[in-house]
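J.: Got a predicted structure here, sequence first:
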Amino acid sequence: MRKSIISLIALIAIIAVLSSTAAAASKVTLQPSSESVNAGENITLNVIVTPDTQISGMQFDLEYNDSLFQVADVTEGNLFSQSGQNTIFNPGQAGDGKLKHVYGCILGSSSVSNPASFATVTLAASPGVQGTSQVYLKNVVISSSSSKPVDLRLVNASITVSEPKKPKGLLSKMVADLLG
């Protein structure tokens, strides 16, 4: 009986350790500046990384509806430079609803574990077009300080493009100004 109890306790301990190890993962979140944008305007997406271990490099692709958006700009965030490290960053290539081969890393043997923005992607909403687009992270790889891939959890985004509200007519504006 005592041997059975010890075996049961050991089994529970092993399951608990394996469960907590499996649950650990670095989180990569697409964080739009807003959930909606007017047609013809820009919106930014921050790629926020919350590491669960020391990391030193990252890459991703981004997929979006190219009838609603075009990539206007991609800039490096401060994830890898937050402690003054030198970095390398490639803003990728955009076309056909995809932003491919965005990558960056720390030059040298440093690593980071504090959450921060890896990149900011500026999307230009097409003029005269309305709709909702899912924006997906694809082919995401984060490298640990020992150059091994880490487990990931991705959080994608959805952005709605609306027609801008038309300005009031001149007469309506004058009446509103008079009535104060």
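T.: On my side now, so go ahead. Remember, predicted model here, so these are calculated numbers, not experimental data. Residues are numbered from 1 along each chain as shown.

J.: For stretch 140-153, which outside residues touch it?
T.: Outside stretch 140-153, the residues within contact range by C-beta atoms under 8 Å, 6 or more residues apart in numbering are 24-28, 49, 51-61, 105, 109, 111, 154. C-beta: built from backbone N, CA, C; applies to glycine.

J.: Now with 6 Å, please.
T.: Stretch 140-153 has contacts (C-beta atoms under 6 Å, 6 or more residues apart in numbering) with 25-28, 53-60, 111.

J.: tell me which strands and helices the helix or strand encompassing residue 47 is in contact with?
T.: Residue 47 belongs to strand 42-50 when assigned by DSSP states H and E. Applying 3 or more C-beta pairs under 6 Å, 6 or more residues apart in numbering; DSSP states H and E, we find strand 42-50 packed against strand 26-32, strand 116-125.

J.: Would you mind finding the most buried of those?
T.: Among the helices and strands packed on strand 42-50, ranked by average contacts under mean count of other C-beta atoms under 10 Å, first place goes to strand 116-125 (a mean of 21).

J.: and that strand, what's its mean pLDDT?
T.: The pLDDT scores in strand 116-125 average 98.

J.: and residue 159, how many residues sit next to it?
T.: Neighbourhood size, residue 159 [other C-beta atoms under 10 Å]: 24.

J.: Just tell me which of the helices and strands packed on strand 42-50 ends up closest to residue 73.
T.: With C-beta to C-beta as the criterion, residue 73 lies closest to strand 116-125 of those, at 4.1 Å.

J.: neighbouring strands for that closest one, and are they parallel or not?
T.: Applying DSSP bridges, strand 116-125 is found paired with strand 42-50 (antiparallel), strand 69-76 (antiparallel).

J.: can you give me the angle it makes with strand 26-32?
T.: Orientation check (axes from the mean of the first three to the mean of the last three C-alpha atoms, to 10 degrees): strand 116-125 against strand 26-32 gives 30 degrees.
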